[in-house]
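J.: Please work out how this folds:
(one chain, ligands or ions: 2)
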Amino acid sequence: MKETKKHIDIEITEVGIITDIKRDVITIKGIPSCVYGEMLEFESGDKGVVIEFDEEKVVALLLGTGIESKVGDKAVSRGELLKVPVTEKLVGRIVNGVAEAVDGKGPIRSTQYNPVFRDAVPIMDRVPITESLKTGIKIIDTMVAIGKGQRELIVGDRQTGKTTIAIDSIMNQKDENVICIYCWIGGSYTSMVKMIEALDNKGSLSHTIVVAAPASVSSTEQYLAPYTACAIGEYFVDRKKDVLVVFDNLTKHAWIYRQISLLLNRSPGREAYPGDIFYVHSQLMERACRMDPKKGGSMTFLPIADTLQGDITGYIQTNLVSMTDGQIYTSATLFNEGFRPAVDIGLSVSRIGSKVQSPALKEVSVKLRLEYAQFKELQKLTKMRAKISTEIAKKISRGQTLSEILVQPANSPVSEIEEILVFYAFDVGILEPFGKKEVFNFEKNIFKFVEKNYPELLGDIKFTKELTPQIKKDLNKVFVKFFEEQKIEM
Ligand code: ATP
Ligand code: MG
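T.: Ligands and ions are numbered 1, 2, ... in the order given. Model (predicted):
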């Protein structure tokens with residue numbers, strides 16, 4: 001007799017009882033085999049997501065807004081993780097903390113779902129970072145360059161241009177085939193609208209997804225938003241695309257987690273944050289990756305954190321510094337002096353990106369950091385003195401030219417070729433005799449001039465990405481021609 005095997009689908013459900021409700025935090029008794037990030041359904045029709053459990057109880061965050069549940073209601077677990085819909089159609093849309101459309105353009109339908117709390121890409125599937133991600137911001141691309149797959153923290157006081165750095169970096173990805181995700185957490189609604197408008201004005205929403213969780217939405221949504229952003233990003237990474245994710249900002253995310261924890265009567269630790277806040281953020285940061293090109297693309301993170309009066313030794317900030325590959329520190333002093341983007345080079349570092357700059361950009365930027373630091377020192381030392389040697393005067397004048405080049409208006413990223421042209425001109429010292437106006441004019445017009453008159457030279461630089469002796473020779477001649485044409489005496 002032939003034995004046949006039958007598959008039987010068994011749906012395992014566990015039922016518990018709600019024992020406590022504090023705002024969005026629900027405590028349940030009796031779901032023994034739940035896991036972190038699992039979905040629960042309540043008797044009232046509300047849904048929740050498990051964020052903590054022990055032998056006695058399960059703690060879940062309530063999803064949605066209407067709190068219909070009450071103590072004594074049933075809570076059902078079907079062993080499913082919280083998932084968000086992922087699809088190409090998300091690009092250009094604004095969604096909430098659980099990936100539902102909030103831009104009034106109708107629901108986003110999808111057949112595929114990614115878990116919000118997915119494990120990071122395993123080490124064996126990763127490869128070293130070899131490509132750079134251009135931000136189009138001169139001071140960053142030259143001195144704190146970022147690589148695709150890197151995590152670079154943007155940290156600084158309030159109103160020092162952090163968001164602007166992130167927005168400009170997104171704008172610069174327009175023709176770079178990079179999908180951008182802007183995750184707005186805990187900030188004001190009006191600032192969020194401004195950010196979206198800035199992106200829209202430059203036509204950058206067409207390659208961007210905004211995950212919007214402003215301060216006005218539930219703490220659950222604000223807590224989940226960065227993980228949702230990652231889950232969406234991973235969909236594109238799996239399809240071999242490059243992704244850039246901005247988290248604006250993680251200090252506010254930590255506040256939300258602190259609120260949730262205090263509701264749970266957990267004993268507060270350093271700066272009143274719960275002890276596991278490090279885990280909460282590191283679990284997020286490790287999801288950045290550069291995958292083996294045969295298996296996937298890359299996901300670059302630009303998390304943002306606030307400091308209070310320039311203090312980067314705060315708990316959340318130091319945590320983030322330790323789990324990222326470098327930081328861009330924006331200084332209120334520099335910002336108020338008019339040096340914008342107010343990046344403090346002394347305190348900013350990129351541990352990966354500078355290694356993968358193109359040879360041409362590397363050549364022109366390798367000495368900049370030291371030169372700029374020396375200039376700053378000299379400027380301080382010579383402030384009170386009337387007489388200085390000609391050599392020092394020359395160094396200071398060179399430093400001033402460099403400062404003028406590094407100042408860049410908001411929302412106006414420049415291409416890599418423009419950066420190479422300008423910093424090469426600075427390197428050979430051709431810009432020093434000129435004042436602010438002429439340097440500005442040079443920056444504005446040199447690219448167009450070369451493009452119009454010497455397109456083959458531009459093609460050579462783009463192709464080789466190197467400054468060969470011949471290219472250098474040609475460039476020197478081109479610069480002289482440029483100044484002749486502009487009728488500026490050298
Ligand atoms: P918050 O802490 O409130 O989030 P932030 O650090 O993100 O602030 P932004 O909102 O980016 O700062 O910028 C603050 C103001 O500075 C904005 O009005 C912006 O337009 C201006 N700003 C930022 N960068 C530049 C720049 N490079 N040139 C001129 N203005 C700038
Ligand atoms: Mg901001």
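J.: does the residue nearest to the spatial centre of the chain belong to a helix or a strand, and which?
T.: The chain has Leu302 as the residue nearest its centroid, 1.8 Å off, counting by CA atoms, centre = their mean. For Leu302, the host element (DSSP states H and E) is strand 298-306.
J.: wait, does the helix or strand just after that strand contact ligand 1?
T.: Moving toward the C-terminus from strand 298-306, the first helix or strand encountered (DSSP H and E) is helix 315-323. No. Using CB under 6 Å from any ligand atom, helix 315-323 stays clear of ligand 1, with a minimum separation of 13.5 Å. All C-beta spots, glycine's among them, are computed from the backbone N, C-alpha and C.
J.: Which elements pack onto helix 315-323?
T.: Identification of packing neighbours for helix 315-323 by 3 or more CB pairs under 8 Å, 6 or more residues apart in numbering; DSSP states H and E yields strand 153-156, helix 250-263, helix 277-285, strand 298-306.
J.: list the helices and strands the first one packs on?
T.: Meaning strand 153-156. Counting contacts by 3+ CB pairs under 8 Å, 6+ apart, strand 153-156 is packed against helix 162-171, strand 298-306, helix 315-323, strand 326-330.
J.: any idea where the helices of the stretch 51-200 of the chain begin and end?
T.: With DSSP state H, counting those that start in this stretch as the criterion, the stretch 51-200 of the chain has helices at 138-143, 162-171, 189-201.
J.: Let's have the ones you listed in TSV, adding mean pLDDT.
T.: TSV is the format used below for the helices of the stretch 51-200 of the chain (pLDDT from 0 to 100):
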stretch	mean pLDDT
helix 138-143	97
helix 162-171	98
helix 189-201	96
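J.: closest one to ligand 1 among those helices?
T.: With CB to the nearest ligand atom as the measure, helix 162-171 is the member of the helices of the stretch 51-200 of the chain nearest ligand 1 (3.2 Å).
J.: hmm, the closest one in reach of ligand 1?
T.: Yes. Helix 162-171 reaches ligand 1 (CB under 6 Å from any ligand atom) through Lys162, Thr163, Thr164.
J.: Please list all residues in contact with Val163.
T.: To be clear, residue 163 is Thr; Val isn't right here. Counting by CB atoms under 8 Å, 6 or more residues apart in numbering, Thr163 makes contact with Ser191, Met195, Asp248, Ile304.
J.: Go through those residues and say which is closest to Asp20.
T.: The shortest gap between Asp20 and any of these belongs to Asp248, at 33.1 Å (CB to CB).
J.: thinking again about what came up before, number of nearby residues for the residue nearest to the residue nearest to the centre of the chain when sequence neighbours are not counted?
T.: Nearest non-adjacent residue to Leu302, counting by CB to CB, 6 or more residues apart in numbering: Val246, 4.7 Å away. By other CB atoms under 10 Å, the residues close to Val246 number 28.
J.: by how many degrees do the helix or strand where Val246 lies and helix 189-201 diverge?
T.: Assigned by DSSP H and E, Val246 belongs to strand 242-248. For strand 242-248 against helix 189-201, the angle by axes from the mean of the first three to the mean of the last three CA atoms, to 10 degrees is 150 degrees.
J.: For Val15, give its distance to ligand 1.
T.: 45 Å (CB to the nearest ligand atom, to the nearest Å).
J.: same thing with Gly97?
T.: For Gly97 relative to ligand 1 (CB to the nearest ligand atom), the value is 19 Å.
J.: dump the residue contacts of the nearest residue to that residue once chain neighbours are set aside.
T.: Among residues not flanking Gly97 along the chain, Glu221 sits closest, at 3.2 Å (CB to CB, 6+ apart). Glu221 makes contact with Leu63, Asn96, Gly97, Val98, Ala213, according to CB under 8 Å, 6+ apart.
J.: what about the strand or helix carrying Glu221, average pLDDT?
T.: Taking DSSP H and E as the definition, Glu221 sits inside helix 219-238. Helix 219-238 shows an average pLDDT of 97 in the prediction.
J.: okay, the angle between it and helix 250-263?
T.: Going by the same axes, to 10 degrees, helix 219-238 makes 130 degrees with helix 250-263.
J.: so helix 219-238 versus helix 277-285, what angle?
T.: Using the same axes, to 10 degrees: helix 219-238 against helix 277-285 is 30 degrees.
J.: Return the distance of the residue nearest to Glu56 when sequence neighbours are not counted relative to ligand 1.
T.: Spatial nearest neighbour of Glu56, excluding adjacent residues (CB to CB, 6+ apart): Lys29 at 7.3 Å. Per CB to the nearest ligand atom, Lys29 is found 42 Å from ligand 1.
J.: Just confirm Lys29 contacts Lys57, I think it does.
T.: Yes. Counting by CB atoms under 8 Å, Lys57 is a contact partner of Lys29 at 5.7 Å.
J.: Overlap in contacts, those two.
T.: Thr19.
J.: So for the two, which sits in the more crowded spot?
T.: Higher neighbour count among Lys29 and Lys57: Lys57, with 16 against 13, using other CB under 10 Å.
J.: which one is that one nearest to, not counting chain neighbours?
T.: If the residues on either side of it in the chain are set aside, Lys57 comes closest to Thr27, at 5.3 Å by CB to CB, 6+ apart.
J.: so what's that neighbour bridging to?
T.: Asp20, Val59 (DSSP bridges).
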